[in-house]
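K.L.:
Sharing a model that was predicted from the sequence below.
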Amino acid sequence: AQRSAELAAQSPSVRIASSNQDVLDESDMVFLGVLPPQAQQVCAELEFRSDHIVASLVAGLHPTQAAPLVAPAGTVCQMIPLPVIALHTGPIVICPPVAQVIDVFQGCGEIVAVQDEAHVRVLGCTSAAMSTFFEYQKTVMDWTVKVGVAPETAQAYATALFQGLATEARAATLAELPHMPAEHETPGGLNEHVRRAMVESGAFDTLEQALDYIYFHKNLASSQD
């Protein structure tokens, strides 16, 4: 209720409905954004129409799993919500690629259309690297401040650096990407020293092992992020 009120205060186009059923009755496209354990109960109390387009944001709830919950809705897809969409950037996964949903999100980020719902699980695990990126960036900024640079300067430099590197990676071809670590270091140089230290410490092996654990052992349907 608090979030709904905040959204309504931010935009005159937002109206708070009296119930979930009220939302369905007045909508052509419905976004299912409840927590994974809540999905079945919430949907069981609702009457969907056959012409409803349903986009599930629920972690681990694939289209074939969501379809019986929202029947007789005829069009169902799954998406992976990410915070960076607020800045109109980042990936927007849509599986299967429903044209009407794609149209809604054009310009909000990079549309990643996926046909195989099993691949959505893989991409969901990949997104688990988000907070690790910010911890990496924070460590670089904290070190910069520790040795005497003002926090504002450290922030401006580090965030611009990583944004620039991400932009460069986006511009690279699939064939070029594996060679980018070597292309960004000089033998015996500073970048090589840091990367080699990370490799030898097993940091990247740990990252791969953590992703393996999430994919093979963790139930995404019980996750809240």
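P.N.:
Arrived safely, thanks for sending.

K.L.:
Which strands or helices does the longest helix seen in the chain pack on?
P.N.:
If you go by DSSP state H, the chain has its longest helix at helix 151-171. If you count contacts as 3 or more CB pairs under 8 Å, 6 or more residues apart in numbering; DSSP states H and E, helix 151-171 packs onto helix 130-146. For glycine as for every other residue, the C-beta is placed from the backbone atoms N, C-alpha and C.

K.L.:
Buried residues of the helix it packs on, list them for me.
P.N.:
140-141, 144 (16 or more other CB atoms under 10 Å).

K.L.:
next one: it to chain centre, how far?
P.N.:
Centroid displacement of helix 130-146 relative to its chain, using CA atoms, centre = their mean, to the nearest Å, is 20 Å.

K.L.:
now swap in stretch 169-182 and tell me
P.N.:
Centroid separation for stretch 169-182 versus its chain: 22 Å, with CA atoms, centre = their mean.

K.L.:
Any buried residues in that stretch, and which?
P.N.:
Buried residues in stretch 169-182 (16+ other CB under 10 Å): none.

K.L.:
Renumber starting at 34 from here on
P.N.:
With the count now opening at 34, the last piece we talked about shows up as stretch 202-215.

K.L.:
quick one: contacts of it?
P.N.:
Outside of stretch 202-215, the residues that reach it under the criterion CB atoms under 8 Å, 6 or more residues apart in numbering are 201, 228.

K.L.:
can I get the CA coordinates of it in CSV?
P.N.:
Output in CSV follows, covering the C-alpha atoms of stretch 202-215 (Å, rounded to 0.1, in the frame of the first residue of the first chain):
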residue,chain,number,x,y,z
ALA,A,202,32.2,-4.2,-24.1
ARG,A,203,28.8,-3.4,-25.7
ALA,A,204,30.6,-2.2,-28.8
ALA,A,205,32.8,-5.3,-29.1
THR,A,206,31.9,-8.3,-31.3
LEU,A,207,31.3,-11.7,-29.8
ALA,A,208,34.7,-12.8,-31.2
GLU,A,209,36.5,-9.8,-29.6
LEU,A,210,35.1,-10.2,-26.1
PRO,A,211,37.4,-13.1,-25.0
HIS,A,212,40.5,-11.1,-25.9
MET,A,213,39.5,-7.9,-24.0
PRO,A,214,41.3,-8.7,-20.8
ALA,A,215,44.6,-9.1,-22.6
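
K.L.:
from the buried residues of helix 163-179, which is closest to residue 36?
P.N.:
The closest of these to residue 36 turns out to be residue 174 (CB to CB; 30.2 Å).

K.L.:
residues contacting that closest one?
P.N.:
Counting by CB under 8 Å, 6+ apart, residue 174 has contacts 184, 187-188, 191.

K.L.:
give me the number of residues near the closest residue to residue 143 other than its chain neighbours?
P.N.:
Distances taken as CB to CB, 6 or more residues apart in numbering put residue 124 closest to residue 143, at 5.2 Å, once the chain neighbours are dropped. Residue 124 is flanked by 16 other residues according to other CB atoms under 10 Å.

K.L.:
Same check on residue 113?
P.N.:
Based on other CB under 10 Å, the number of other residues close to residue 113 is 20.
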